[in-house]
Every structure is written in C-alpha cells, then in structure tokens.
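Engineer: this is the structure alone, sequence omitted:
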Ligand SMILES: Nc1ncnc2c1ncn2[C@@H]1O[C@H](COP(=O)(O)OP(=O)(O)OP(=O)(O)O)[C@@H](O)[C@H]1O
C-alpha cells in the first residue's frame, strides 16, 4: 500500500492514487457533458513545463482534423494563459442562454471555448485561486452547448498541478499527447507527465517534440539549436511513440501571430493525425442518414428583412428551405399567426420541418422540437440565406442531436443521435 493510501482521508476527488481504498471509480468521478452535446473523442494536450508550444500543437491538430472534415472543438483549459482564441482570430464574446454557453467558431468551423471569450477585456488577467479555475474548466465541459463534436482537444495548463488533475478526473479523456522541447531536463519532465497519466489510467497517444531543429535557409541542414535531441531514447524508455518533430520556424510563429493558424501548411503532424484517426476513430457515422440529412426542410426564424429573428417565442414568420440531395430546391415564407414557444414549435412539427435555425430559444420549445426529431441550430444571426448556406456547407453545426427518425429501434446504427435505440 502506498503512503497516500495509508493516509487516505476518503476523499478520492482530490487524489490521483488508484489505490485499493478508492471509494469511487474513475468513471464515477467524471462530470456529465452538457446535455445538448455529444463528444465522441476527447484528447488532452499536456506539457511538463510552459512555453513548449502546447497550445500551438493543440490548435494545429484540431486544424488538421477539421481539414479532413471532422467536427472539431477545443476546450481551452489553460485558464490563466488562454491563447487559443487569438491563434484563430476569434475576438467575439461567447453568448449563452438558459441552455448553456455557446462556443465561438473559427473561420473553418472549429468550436472554441476559452475564458478569454468570457472576459470583457482580453487583456484582463485571470487572478483566481485554484478551485475556481478548476471549477471553470469543469463548467466548460458541463455547461457549454458543444453540440456534435467528433474530436475535442483540451489544451491543459503546463505541469501536473490542480487543473490538469481536475481535467484528468472530470473529463473522460481518450488519451493524451505530450509536448516537449529538446533539452536536458526532457526525460524528467516527460517522466512526470507519463506517470501522472498512468496514475490516472489515461492512455498516452504519444510524444511531440517541438523546436526540434532549425532548417538552414541556404543548404537545408537541420541545426539542433537546443542541443542534440534525445526524444527517441526518452520515448523508448517510457514505451511511447514519437508522433512528430517540429522545427522552430517563422512560418509557425507568423501564422500564430497573424491569427491565421487555419492557413498554415505543414506536414509535421500528419503521422500524429493518421495515428489518432486509426486508433481513436472519431467519425459519428450515419448509416441511416440522420446526421448528413441530404433531404431536409429547414425552417429559419426571420424578420421582415430576411435576417434571423432572435426570439423564437415571438417569431412572426419562418423562411422554409427545401433541400433535396444536399441542394436547395425552394424557399417560401410562412406566417406563424400563433403565439408562444409551444404553439410555434407545433407549427414546425406540422410543417414537417427537419431543422430549425434560430437565435434564442427556450427549453420547452427545444424539448418539443427534439422529441419530434427536429435538429436545432440556435444562437445564429445575420442573413438567413447565408446562414442556411453555411449550415449546408458544414460551417455551422447543430447544437442538439435530434432523436433519430430514420430507423425503428435497431441498435448500433452509429448515427450519433440521442435516440433510445443507442
Ligand atoms: N515550432 C515553432 N516555431 C516557431 N514558433 C513557435 C513554434 N511552436 C510554438 N511557437 C510559438 O511559441 C509561442 C509559445 O507557444 P505556445 O503558446 O503554443 O506555448 P505553450 O506551451 O502553450 O505555452 P504555455 O503553456 O506556457 O501557455 C507562441 O507564440 C507560438 O506561436
């Protein structure tokens, strides 16, 4: 029995020991994800110390998977050093309603939640004590309406302190990627991260060495500015894979500084992405077609100018778009002539709507719509035609998984919806 088990206070929530006196299983400690969310794979990105490029690796992995067509998200758990929104050029504020907080979107549709999206001024420091920081990270999991996510990356704060411990214990991580740089201390630092993951029973996907070398602009020679890399030896010692070695290059820092990581081209992490896809398949499959829904009837709450009307319960008209084989075939306007959330919801059911795009919407209306297999895309604004096109393009993603109406209770169709047959 370890020293920690001998001194056990019975409180497993603050202890990482997997000892025999543990009163709650690992699964029992997990927080439930927000009820309007389905997150298929969660990958933590950790580093033993700060400044090694962990946030960049987190962001670039999500960019690469997003380019492959996956619905991708980043939970920025680096509460006191939140750099993810700026990397993507996101400066708007996250909005919320009684259903939860809605993530912000990058240009290519990656969902992001970070404390910087909640602060009035981006430059305001977060001067909070550990438990409040840890509580905020938990809320990013429980209170953010993530919708469907195939791969979520969690940017952890550096080290093995309180917040990484909270993430390990509260969020069901499928695995972690450890980021390091080539320095003497690397073996010890990686060792700490490896041992923490082992103690928490979380698989290690592999090791990424950042700032591995600088390429000479003239002859292409790889110069190891931080000394000879011993990453292969370290990986062998801990029986983990090397996922990639990245150069120290202005291409990367320029892309991050110009807030355009989605425009960065580099094959440094291609092997890491291939391994993640193979060992941690993320696709929310749709054999019954209820996710891709080639044939849809999309209803949008609109005002007289054709912009998305923000209050579902007082909406006077819907624009109805009929989509066949993924292509818009017609658009018409219907007047609601009715009042209140419930009546308007029923009108949509009568109209055979498959999808609702709207601004704000109340919980009772959501319940009626979801139980009638209507996909809800709330929190939208601007021109309705543009938003429908963005939705069909996959840039806007539903925040509710509908119950699936396309199969009759057979199990395991893998469509990713919330119906009772899954
Ligand atoms: N390979 C690279 N080449 C050039 N610049 C890089 C590279 N990797 C990261 N950077 C830059 O280094 C800076 C620090 O990177 P980043 O914020 O990702 O580190 P971090 O490990 O997340 O730091 P911390 O955990 O302390 O917040 C950023 O400005 C980033 O653009």
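Structural biologist: That came in fine, so what should we check first? Everything quoted here is computed from the prediction, not taken from an experiment.

Engineer: and residue 189, what element?
Structural biologist: Secondary structure assigned from DSSP states H and E places residue 189 in helix 186-199.

Engineer: buried residues in that helix?
Structural biologist: By neighbour count on 16 or more other C-beta atoms under 10 Å, the buried set for helix 186-199 is 186, 189-190, 193-194, 196-197, 199. Quick note: C-beta positions are derived from backbone N, CA and C, even for glycine.

Engineer: got the buried residues for the helix or strand following that helix?
Structural biologist: In the C-terminal direction, the helix or strand that comes right after helix 186-199 (DSSP H and E) is strand 204-215. Using 16+ other C-beta under 10 Å as the test for burial, strand 204-215 gives 204-214.

Engineer: of those residues, list those near the ligand.
Structural biologist: Among the buried residues of strand 204-215, the residues lying close to the ligand (C-beta under 6 Å from any ligand atom) are 210-211.

Engineer: which one of the buried residues of strand 204-215 is nearest to residue 276?
Structural biologist: residue 205 (6.6 Å; C-beta to C-beta).

Engineer: for the closest residue to that closest one other than its chain neighbours, give me its contacts.
Structural biologist: Leaving aside its chain neighbours, residue 205 sits nearest to residue 175 (4.2 Å; criterion: C-beta to C-beta, 6 or more residues apart in numbering). Residues in contact with residue 175 (C-beta atoms under 8 Å, 6 or more residues apart in numbering) are 43-44, 202-205, 280.

Engineer: residue 83 now?
Structural biologist: So residue 83 contacts 55, 76 (C-beta under 8 Å, 6+ apart).

Engineer: tell me the spacing between it and residue 326.
Structural biologist: 37 Å (C-beta to C-beta, to the nearest Å).

Engineer: can you tell me how far the closest residue to residue 89 other than its chain neighbours is from residue 84?
Structural biologist: Once flanking residues are discounted, residue 89 sits nearest to residue 259: 3.4 Å by C-beta to C-beta, 6+ apart. Note on residue 259: its distance to residue 84, by C-beta to C-beta, is 11 Å.

Engineer: which of those two has more neighbours?
Structural biologist: residue 84 (28 against 17; other C-beta atoms under 10 Å).

Engineer: list the residues that contact the more buried one.
Structural biologist: 55, 58-59, 74, 76, 78, 112, 114, 116, 155.

Engineer: 6 Å instead?
Structural biologist: 74, 76, 112, 114, 155 (C-beta atoms under 6 Å, 6 or more residues apart in numbering).

Engineer: give me the number of residues near the second one?
Structural biologist: Taking other C-beta under 10 Å as the neighbour definition, residue 76 ends up with a count of 27.

Engineer: ok, back up a step: how much space is there between the residue nearest to residue 205 and residue 111?
Structural biologist: When residue 175 is compared with residue 111 (using C-beta to C-beta), they lie 20 Å apart.

Engineer: how about residue 104?
Structural biologist: 7 Å.

Engineer: so residue 376, which state does it fall into?
Structural biologist: Per DSSP: H, G, I helix; E, B strand; the rest coil, the local secondary structure of residue 376 is strand.

Engineer: tabulate the buried residues of helix 186-199 (TSV), appending pLDDT and distance to the ligand.
Structural biologist: Shown next, in TSV, are the buried residues of helix 186-199 (pLDDT from 0 to 100; distance: C-beta to the nearest ligand atom, whole Å):
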residue	pLDDT	distance to the ligand
186	76	14
189	83	12
190	87	14
193	89	13
194	90	18
196	89	16
197	91	17
199	88	21
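
Engineer: so what's the gap between stretch 299-312 and the chain middle?
Structural biologist: 28 Å (C-alpha atoms, centre = their mean, to the nearest Å).
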